[in-house]
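> Structure, please.
(chains A and B)
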Amino acid sequence: GENVEQHPSTLSVQEGDSAVIKCTYSDSASNYFPWYKQELGKRPQLIIDIRSNVGEKKDQRIAVTLNKTAKHFSLHITETQPEDSAVYFCAASTGGNNRLAFGKGNQVVVIP
Amino acid sequence: NAGVTQTPKFQVLKTGQSMTLQCAQDMNHEYMSWYRQDPGMGLRLIHYSVGAGITDQGEVPNGYNVSRSTTEDFPLRLLSAAPSQTSVYFCASSYSNKGVYEQYFGPGTRLTVT
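So this is what the prediction gives:
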């Protein structure tokens, strides 16, 4: 099955700076790559996703890039704000079976 | 719409006890899943369902049973709770959007087994 690598670590950034989180995946058939944000004690919430036929997608201050050749994808957060502090999970799916494989998450801390 | 709801929010069990975690969705989503979340482990798939009457195992199914008698409900049963099942459990529902499945999570159930 799909294996998504997202090393558990904490990323500390100064407010206003950019944050980048990277994930790698193993199954070249994967075609859907969502990112979830989870605040402390809350449910994961989808913030952005990308499909394999697209190389980059933006939504205001967040963007996701996909490199299918290298089998990695990244989340970019620009002009970080304190409310961006959370755990971010990447995931991958081959789509046809509705199964998402999640990475282990990155803690992002935005320092005011 | 209430979205995905889960009950209870918190539960403490003794080893060997049984219980059912409830999950319901009112979005008419075809697909439903159960995940467990442990510190440093991300979200791991326990069981999932692609429609009423159809269920399948995920990554960590041992110790858990599911059934899907209706589109709306997808309960998770622990037959004999063990301390290793202490975790936060999330139910999710999804629908097909041009071939991919965008998942919506419930608020979670925090389970402690002593």
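
> On the pLDDT front, check A:S93 for me.
A:S93 carries a pLDDT value of 87.

> What distance do you get for it to chain B?
According to C-beta to the nearest C-beta, to the nearest Å, A:S93 and chain B sit 7 Å apart. C-beta coordinates here come from the backbone N, C-alpha and C atoms, glycine included.

> what pairs with residue 38 across the strands?
No chain specified, so I'll use chain A. Legend: beta-bridge partners of A:Q38 under DSSP bridges are A:V87.

> The chain in question should be chain B.
B:G42.

> Return the distance of it relative to B:Q85.
For B:D38, the distance to B:Q85 (C-beta to C-beta, to the nearest Å) stands at 10 Å.

> same thing with A:V87?
22 Å.

> For A:H76, see how far away the residue nearest the centre of chain B is.
By C-alpha atoms, centre = their mean, chain B has its centre lying nearest to B:W34, at 2.7 Å. Computed as C-beta to C-beta, the B:W34 to A:H76 distance reads 31 Å.

> So which residues on chain B come close to chain A?
In this structure, chain B approaches chain A at residues B:31, B:33, B:35, B:40-45, B:48, B:50, B:58-59, B:90, B:94, B:99-108, judged by C-beta under 8 Å from any C-beta of the partner chain.

> Show me these that map onto strands.
B:31, B:33, B:35, B:42-45, B:48, B:50, B:90, B:94, B:100-105 (DSSP state E).

> ok, and what's touching stretch A:56-75?
Contacts to stretch A:56-75, defined as C-beta atoms under 8 Å, 6 or more residues apart in numbering or on different chains, come from residues A:19-26, A:28, A:33, A:35, A:47-50, A:52, A:54-55, A:76-80, A:88, A:90.

> ok, of those residues, which come out buried?
Among the contacts of stretch A:56-75, the ones that count as buried by 16 or more other C-beta atoms under 10 Å in any protein chain shown are A:19, A:21-25, A:33, A:35, A:47-50, A:52, A:76-77, A:80, A:88, A:90.

> Considering only those, which also neighbour chain B?
Restricting these to those near chain B by C-beta under 8 Å from any C-beta leaves A:D49.

> okay, the residue of chain B positioned farthest from its centre: pLDDT?
Largest separation from the mean C-alpha position in chain B: B:K98, at 24.7 Å (C-alpha atoms, centre = their mean). Per-residue pLDDT puts B:K98 at 72.

> Ok, A:N98 next?
Confidence score, pLDDT, at A:N98: 66.

> who are the neighbours in contact with the residue nearest to A:N3 when sequence neighbours are not counted?
Leaving aside its sequence neighbours, A:N3 sits nearest to A:S26 (C-beta to C-beta, 6 or more residues apart in numbering or on different chains; 4.2 Å). With contact taken as C-beta under 8 Å, 6+ apart, A:S26 is in contact with A:2-4, A:71.

> repeat that with 10 Å
Going by C-beta atoms under 10 Å, 6 or more residues apart in numbering or on different chains, A:S26 touches A:1-5, A:71, A:92, A:101.

> Same question for A:Q6.
Per C-beta under 10 Å, 6+ apart, neighbours of A:Q6: A:21-25, A:75, A:88-91, A:102-106, B:42.

> Just give me the closest of these to B:Q17.
For the contacts of A:Q6, the minimum distance to B:Q17 (C-beta to C-beta) is 27.1 Å, reached by B:G42.

> Can you name the residues that contact that closest one?
Per C-beta under 10 Å, 6+ apart, neighbours of B:G42: A:4, A:6, A:8, A:36, A:44, A:87, A:89-91, A:101-105, B:35-36.
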